[in-house]
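**Q** Sequence below, structure please.
(one chain, ligands or ions: 1)
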Amino acid sequence: MSPIDALMRSVPVIPVLVVEDAADAVPIAEALVSGGLTALEVTLRTPAALDVIRAMSSVEGAVVGAGTVLNARDLDAAIGAGAKFIVSPGLTAPLTEAATASGVPYLPGVATSADIMRGLDHGLERFKFFPAEAAGGLKALKALAAPFHRVRFCPTGGITETTAPDWLAHPSVLCVGGSWVVPAGKPDPAAIRRLAQAAARLRQA
Ligand SMILES: O=C(O)C(=O)C[C@H](O)[C@H](O)COP(=O)(O)O
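**A** Okay, here's the model as predicted:
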């Protein structure tokens with residue numbers, strides 16, 4: 001199994017994290033891992049993000065990656081901070097070439113057939129489907145999956161605890177991403193652990 005497949009099959013839900021304060025990193029990661037979610041996507045959307053990746057990487061059992069990686073500069077910074085996988089909202093040639101050269105598991109975002117075909121040209125068959133709900137939801141994913149039968153997805157964007165099971169039931173979906181597991185605001189570790197446990201119990205196809 002390729003490293004990106006192993007990552008995508010390791011958990012039904014990859015929590016998408018927007019952490020403002022690096023002091024919250026360890027309690028959030030501990031709550032997620034103890035709830036059963038081990039692959040953690042820290043978005044590079046806050047000034048604290050690289051410190052958050054470093055801090056979360058010290059939590060036993062956590063596999064910490066970076067999200068919102070937009071270019072090769074972000075990629076280098078994320079890998080330098082210890083990111084073990086890379087997620088991007090889109091797919092560009094420069095980022096894809098840099099990510100492939102780095103060897104780090106890489107999940108670029110696609111929303112159209114043309115995006116997927118550019119990914120295939122680079123030898124990729126695993127993608128984030130983003131923004132999943134806004135780009136047409138499960139109906140759109142089913143239509144895209146038909147001509148690209150070897151491709152597998154991690155739909156992300158607008159997915160909730162309630163809708164995740166429908167996505168996960170589709171054979172082209174290995175996992176989903178979502179921010180619902182860690183609500184915005186001051187983190188409540190007990191609540192995060194409960195949300196993580198519920199997410200970790202969801203069935204993967
Ligand atoms: O930051 C990135 O790299 C993104 O591509 C966006 C996130 O994956 C989505 O914003 C998560 O979506 P929600 O679960 O609806 O909050």
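
**Q** hang on, Pro194 is in a strand, isn't it?
**A** Slight slip there: residue 194 is Arg, not Pro. No - Arg194: not assigned to a strand; according to DSSP: H, G, I helix; E, B strand; the rest coil it is helix.

**Q** That one against Gly35, yeah?
**A** Yes - between Arg194 and Gly35 there is a contact at 7.1 Å, judged by C-beta atoms under 8 Å. (Each C-beta comes from the backbone N, C-alpha and C, glycine too.)

**Q** Neighbour count: the two, which is higher?
**A** Ranked by neighbour count (other C-beta atoms under 10 Å), Arg194 and Gly35 place Gly35 first, with 22 against 14.

**Q** show me what contacts the nearest residue to Asn71 once chain neighbours are set aside?
**A** In this structure, Asn71 finds its nearest non-sequential neighbour in Leu95, 5.7 Å apart by C-beta to C-beta, 6 or more residues apart in numbering. The contact partners of Leu95, by C-beta atoms under 8 Å, 6 or more residues apart in numbering, come to 69-72, 75, 88, 108.

**Q** can you give me the helices in this structure?
**A** 3-10, 25-35, 49-56, 72-80, 93-102, 113-121, 137-145, 164-168, 189-200 (DSSP state H).

**Q** who does the first one touch, helix- and strand-wise?
**A** Here helix 3-10 is seen to pack against strand 63-67, strand 106-107, strand 126-129, strand 152-155 when contacts are counted using 3 or more C-beta pairs under 8 Å, 6 or more residues apart in numbering; DSSP states H and E.

**Q** Would you mind pulling the contact partners of the third one?
**A** Among residues not part of strand 126-129, those counted as contacts by C-beta under 8 Å, 6+ apart are 2, 4-5, 8, 87-89, 91, 107-111, 115-116, 119, 135, 141, 144, 151-156, 174, 177.

**Q** Those residues also near the ligand: which ones?
**A** 87, 89, 109, 156, 177 (C-beta under 6 Å from any ligand atom).

**Q** Roughly how far does the residue of the chain positioned farthest from its centre sit from the ligand?
**A** Within the chain, Pro147 marks the point farthest from the mean C-alpha position, 23.8 Å out by C-alpha atoms, centre = their mean. Distance of Pro147 to the ligand, given as C-beta to the nearest ligand atom, to the nearest Å: 24 Å.

**Q** swap in Ser172?
**A** 18 Å.

**Q** what phi and what psi does the backbone show at that residue?
**A** phi -80, psi 0 (degrees, to the nearest 10).

**Q** my guess is it contacts Ala145, does it?
**A** Yes - Ser172 is within contact range of Ala145, at 3.9 Å (criterion: C-beta under 8 Å).
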